[in-house]
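> when you get a sec, could you give me coordinates for this:
(2 chains)
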Amino acid sequence: MVMLDRKLLRDIVAWRGSLAAIVLIVACGIAAFVAMQSVYDSLRLTQEQYYERFRFAAIFATLSRAPQSLESRIAAIPGVRAVQTRVVSDVSLDLPGRTDAVTARLVSIPTRNTPGINDLYLRDGRLPRPESADEAVASEAFAQANGLRVGEWIAAVINRRYHRFRIVGIGLSPEYVYEIRGATDIWPDNRHFGVLWLGRKTLGAAFDLTDAFNDVVVDTRAANVDAVIASLDRLLAPYGSSGAYAAHDQVSNRFLSDEIGQLRVQAIFIPAIFLAIAAFLLDIAVSRLVATQRSQIAVLKALGYANASLLAHYAKLVLLVVALGAAFGTLAGAWLGWRLTALYAHFFHFPFLAYRLDARAIAFAVAIASLATLAGAALALARVAALAPAQAMRPPSPPTYRPTALDRVAAIVRLPLVVRMVARDLERRSGAAIGTTLAVAFSVAMIVVGRFGADAVAYMIDVQFRMVQREDVNLAFVRPLGNRARFELASLPGVREIEVYRSIGARLSRGTHSRRVAILGFPDSGSLAHVVDRTLRVRRIPRAGLLLSAKLAEILGVRPGDRIEARILEGRPRTRELVVSGVVDDVLGLNAYMNLDALHRLLDEGGTISGALLAVDPARIDAFDRRVKALPAVAGIGYRASMMQQFERTIAETMGISIAFLLGFAASIACGVMYDAGRISLSERARDLSTLRILGATRREIAGIVFGELGVPALVAVPLGCALGYALCVVLAPAYETETYRIPVVVSTATYAFAALFVAASALGSSALLSRDLRRLDVLAVLKAGE
Amino acid sequence: MGDVDVVALKALDLDLCEGEFVVLLGASGSGKSTLLNILGGLDAPTAGDVAFRDHRLTGASDAELTRFRREHVGFVFQFYNLIPSLTALENVQLVTELVAHPMPALEALALVGLAERSQHFPSQLSGGEQQRVAIARAIAKQPDCLLCDEPTGALDVATGKGVLEALVSTNARLGTTTVVITHNAAIARIADRVVTMHSGTIASDERNRERVAPSEIEW
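Below is the predicted model of the structure:
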């Protein structure tokens, strides 16, 4: 066996090009798997530890005003571990050098910094001093988006009084990992909305809530959260509570968990597809590599080596390749995973990063790669085992060819001999040609899948911001106003169109299923807000009853015509029965739409409105902003353009990064496959090509043959791969789905073009490498040996 | 383990005249293949000069050597080296496409007695037939020089004779300078001139007083 091992070593040296390509494929498959898996695991762990160490609350409730004395009664509810009553309110901010309106959520923190609930992590500076009335901690995302630093002064209008605050710290809270106003917002706009934490005394004084509170967070023991919520609701009902809810309904947590859940798809499904494809490619590459050793194997058998020892010989080769690939892949995957996790942690504004690399993920990836490689080798070895040793003793008999379909054409049109050679070779070795074609097609598919997420999100942005949200500015009022407010808004500078809406928090339920949502009432004749389904059809809101997102209907288990219970979470508590009159298969959010008049009737109110969508003349937006900021009734202003920008940046930062990695892997695999196919074709044709060279053919002429044999599968692979990729996207899309996003199966033309260009580029790249091999072709060797 | 210089040829001086049929005889390792490679522009000597008519081959670039092979040299290999995916005729056409004034491919096949097998693929031909196709391929471009490396090495006696017949008759009819290398001394009798090599040098260089037809030799 010693000599066989020596042969193994020399074979490895001789095949280093092909083997390096295979090692690359294994490494990429494993690296993608390990990296994405570790990102997912780490983010989950970071979220868990963040919540635990900074005591993320278990229950949240908002009310209008309750006396401080209620706190002890809340604390007495069985199962409650800790209570924190707070003052929370949205106000308009004046930032230095800014004309547009910025909203801040002011959240009180306990004056004494004892371990509490939703604790702050300070990235910079310090907490406000108990005795000072003008110190604030700004959230990191908000501070970064607006270039705020410790020591700067900002101003806010609170209860018609002008207040100035000095930023003394930059902080993070588990409550606002995902910093959005509420459930109706889908994407953060950190430039226009952020959280400021101030001392309890400061805010109490500013909002006339010195011995009262309007918000409460509760930490529970491992008790029945629903029971605590029920008791809490009974206690808070007289104080204008909109209903307590558990952490899983909390906006930031829900979005964060959804995002991480989506990452799980990227972390598990996509690398799994990668690994499977890499496995398949390995299979092909290894079986072709072993097949080139036919005559050597015959000689070894003739010399008396048993099949078993030959099988062991090649198994060693294969396992060595996998071991190398696994080593590189694991190292690269761990490094990439760590870098990616750090990027995500930065994006999510986690205070720290808990990195986890699960040994089981590595073991799994390596096992898959080993099995795939061994399977590929086994296939070739089975053919080798059947080989008669006598084969080695005979001069090689030429492989059998016959005229192809192309030759019948050639009888009419004279085709160059090179074309005929290529055609007949492709036909005779159609197995190998199909293998190469499939391999390249799979790499094309990987590229398509890799870019699919970004395509789908781009499509969603497009639908959301060009079809659904058509307004320039969305104004939310501090509290519902009478319909007359619309005339005041109409008098603001630059306003071209106004569409008022009523939004009301409600818990929709049917049977045991329920969800907290905002019912949105839009007027019949609106043109700024559109309800658009997945196929881009605009849907009218029915005159009566609810129009629900298909996803929401699915969660509640209702169909059009069904009756549904709505517990109104604003004002006095009441429950109404509603008919689901329609379901819309939209792509974003859990929406419940109603006709504005119908909603007013439901709430027994006149023309109350919660806000308005406005189309504003861009030339007069500054004047508009100055006036709007001064309106005390306006609690929040959303700018569509800014939201869109921020979201696009977000996508570029998060998805963009992981997609770039996946594309990098897909690219390496595609290149490896092409090069390997070329190398094997070259080694199989070495004799013919050398003969041609000796007969006087130039390098360019023989290169034409090799590249032709490579080019035809590549050409076929592009459309095939695009179709395959699309099919994979169809399979993947539901896995990507969260309650917030329904990923449409959209693959852009640019993605297909990119995939095609990519194949062309890697074909050129591997051609360049192959040209080098062609130059090194030992033409004299064919004169010496039979094969 | 360092590189070991192996000297294949040394102190060697050889002129080949136009139209000659030369057999280059020698045991394996005597340097005859290296010499043939150098003559055919497949290899370059580390020292010394090689010239074809008035062209110097020493120091020629790869492209120049390719052109030299293309225009002036025909090769016949021990293992025929036909392209398996091309028919007999196409294998010959492979070469006729490369040069300016070839003989018609079918005519070349007729010269080796295989005109009727022109549409057959190599796998449908016997060893001797394959070698004759290889000869047709070599002569179809009307080379000035035909270099044959053990052309009968893989063939039985009767088939081998047939191949040698084809070489001799081509040489006679077209006047192509022909060099056949072999370790088979019996073949020497069919040549005009026999060059015997030993350890990288020419041990003897003799003219046959009378040439024998291939059919008359035995081995």
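> okay, CA-based contacts and neighbour counts for the rest of this
Noted.
> who are the packing partners of the top helix by length along chain A?
Longest helix of chain A, by residue count under DSSP state H: helix A:307-348. Judged by 3 or more CA pairs under 8 Å, 6 or more residues apart in numbering or on different chains; DSSP states H and E, the packing partners of helix A:307-348 are helix A:2-14, helix A:16-53, helix A:359-385.
> then the first one to CSV, C-alphas only?
What follows is helix A:2-14 as a C-alpha-only set of coordinates in CSV (Å, rounded to 0.1, in the frame of the first residue of the first chain):
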residue,chain,number,x,y,z
VAL,A,2,3.0,2.3,0.5
MET,A,3,3.5,2.6,-3.2
LEU,A,4,-0.2,3.3,-3.7
ASP,A,5,0.1,6.1,-1.2
ARG,A,6,3.0,7.5,-3.0
LYS,A,7,1.0,7.3,-6.2
LEU,A,8,-1.8,9.1,-4.4
LEU,A,9,0.6,11.9,-3.4
ARG,A,10,1.9,12.2,-7.0
ASP,A,11,-1.6,12.1,-8.4
ILE,A,12,-2.6,14.9,-6.1
VAL,A,13,0.4,17.0,-7.3
ALA,A,14,-0.4,16.2,-10.9
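> buried stuff in the helix or strand hosting residue A:66?
Under the criterion of DSSP states H and E, residue A:66 resides in strand A:59-67. Buried positions in strand A:59-67, judged by neighbour count with 16 or more other CA atoms under 10 Å in any protein chain shown: A:59, A:60, A:61, A:62, A:63, A:64, A:65, A:66.
> quick one: strands adjacent to it?
strand A:212-220 (antiparallel), strand A:245-246 (antiparallel) (DSSP bridges).
> in a markdown table: these, plus mean pLDDT and mean neighbour count.
Shown next, in a markdown table, are those (pLDDT from 0 to 100; neighbours: other CA atoms under 10 Å in any protein chain shown):
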| stretch | mean pLDDT | mean neighbour count |
| --- | --- | --- |
| strand A:212-220 | 93 | 23 |
| strand A:245-246 | 90 | 20 |
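> and the ones you listed: which comes nearest residue A:629?
Each of the strands paired with strand A:59-67 has some distance to residue A:629 by CA to CA; the shortest is strand A:212-220, at 23.9 Å.
> need the residues of chain B near chain A, please.
Contact residues (CA under 8 Å from any CA of the partner chain) of chain B with chain A: B:37, B:42, B:63, B:66-71, B:73-75, B:77-79, B:81-86, B:90, B:94-95, B:98, B:121-124, B:138, B:149, B:154.
> could you rerun that using 6 Å?
For chain B, the residues in contact with chain A (CA under 6 Å from any CA of the partner chain) are B:66, B:69, B:70, B:83, B:84, B:85, B:123.
> what about the helix or strand harbouring residue A:122, average pLDDT?
Using DSSP H and E, residue A:122 falls within strand A:121-125. Throughout strand A:121-125, pLDDT has a mean value of 91.
> show the subsequent helix or strand relative to that strand.
strand A:135-139.
> render the CA-only coordinates of that following strand in CSV, please.
Output in CSV follows, covering the C-alpha atoms of strand A:135-139 (Å, rounded to 0.1, in the frame of the first residue of the first chain):
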residue,chain,number,x,y,z
GLU,A,135,-30.6,66.0,30.6
ALA,A,136,-31.5,63.3,28.1
VAL,A,137,-30.0,60.1,26.7
ALA,A,138,-30.6,59.7,22.9
SER,A,139,-30.9,56.4,21.2
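> sheet-wise, list the partners of it with their directions.
strand A:161-172 (parallel), strand A:193-199 (antiparallel).
> so it versus strand A:121-125, what angle?
120 degrees (axes from the mean of the first three to the mean of the last three CA atoms, to 10 degrees).
> residues in contact with strand A:135-139?
When contacts are defined by CA atoms under 6 Å, 6 or more residues apart in numbering or on different chains, strand A:135-139 is touched by residues A:128, A:165-172, A:195-198.
> quick one: buried residues of it?
A:135, A:136, A:137, A:138, A:139.
> in a markdown table, list these along with pLDDT.
What follows is these, written out as a markdown table (pLDDT from 0 to 100):
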| residue | pLDDT |
| --- | --- |
| A:135 | 93 |
| A:136 | 94 |
| A:137 | 95 |
| A:138 | 95 |
| A:139 | 95 |
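> dump those residues into JSON lines; add distance to residue A:157 as well.
As requested, the buried residues of strand A:135-139 are exported to JSON lines (distance: CA to CA, whole Å):
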{"residue": "A:135", "distance to residue A:157": "15"}
{"residue": "A:136", "distance to residue A:157": "15"}
{"residue": "A:137", "distance to residue A:157": "17"}
{"residue": "A:138", "distance to residue A:157": "17"}
{"residue": "A:139", "distance to residue A:157": "19"}
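> and of these, the nearest to chain B?
residue A:139 (68.2 Å; CA to the nearest CA).
> could you chop chain A up by domain?
The record's domain parsing of chain A by automatic domain parsing lists A:1-57+A:262-394, A:109-115+A:123-200, A:429-468+A:644-787, A:469-643.
> helix/strand/coil for residue B:98?
Using DSSP: H, G, I helix; E, B strand; the rest coil as the criterion, the local structure at residue B:98 reads coil.
> residue contacts, the closest residue to residue A:542 other than its chain neighbours?
Closest residue to residue A:542 apart from its sequence neighbours, by CA to CA, 6 or more residues apart in numbering or on different chains: residue A:595 at 6.4 Å. If you count contacts by CA under 6 Å, 6+ apart, residue A:595 has them with A:521, A:522, A:523, A:543.
> quick check: residue A:595 vs residue A:755, distance?
Going from residue A:595 to residue A:755 by CA to CA, to the nearest Å gives 46 Å.
> tell me which element whichever residue of chain B sits closest to chain A is part of?
In chain B, the residue that lies nearest chain A is residue B:70 (4.1 Å; CA to the nearest CA). Element membership for residue B:70, per DSSP H and E: helix B:62-72.
> sorry, back to before: and which of the residues of chain B next to chain A is nearest residue A:350?
Using CA to CA, the residues of chain B next to chain A come closest to residue A:350 at residue B:85, 64.6 Å.
> let me see the contact set for the closest one.
Residues near residue B:85 by CA under 6 Å, 6+ apart: A:401, A:421.
> going by distance to chain B, which of the buried residues of strand A:59-67 wins?
residue A:59 (76.7 Å).
> quick check: closest non-adjacent residue to the closest one.
Nearest one to residue A:59, counting by CA to CA, 6+ apart, is residue A:246 at 4.5 Å.
> relative to residue A:225, how far out is that neighbour?
Residue A:246 is 7 Å from residue A:225, where distance means CA to CA.
> and residue A:685, by the same measure?
With CA to CA as the criterion, residue A:685 and residue A:225 are 72 Å apart.
> ok, these two, which is more surrounded?
Using other CA atoms under 10 Å in any protein chain shown as the criterion, residue A:685 and residue A:225 rank with residue A:225 on top: 18 against 15.
> quick check: pLDDT value at residue B:90.
86.
> which ones are touching it?
So residue B:90 contacts nothing (CA under 6 Å, 6+ apart).
> phi, psi for it please.
Dihedral pair for residue B:90: phi -70, psi -30, per degrees, to the nearest 10.
> longest strand in chain A, by residue count?
strand A:495-510 (DSSP state E).
> what packs against it?
With contacts defined as 3 or more CA pairs under 6 Å, 6 or more residues apart in numbering or on different chains; DSSP states H and E, strand A:495-510 has these neighbours: strand A:513-522, strand A:563-568, strand A:609-616.
> for that strand, the distance to its chain's centre please.
Chain-centre distance of strand A:495-510: 29 Å, with CA atoms, centre = their mean, to the nearest Å.
> buried ones in it, by neighbour count?
Quick answer for strand A:495-510 (16+ other CA under 10 Å): A:495, A:497-510.
> any idea how far the residue nearest to residue A:710 when sequence neighbours are not counted lies from chain B?
Among residues not flanking residue A:710 along the chain, residue A:678 sits closest, at 6.3 Å (CA to CA, 6+ apart). According to CA to the nearest CA, to the nearest Å, residue A:678 stands 18 Å off from chain B.
> what angle sits between the helix or strand harbouring residue A:678 and helix A:307-348?
For residue A:678, the host element (DSSP H and E) is helix A:655-694. For helix A:655-694 against helix A:307-348, the angle by the same axes, to 10 degrees is 140 degrees.
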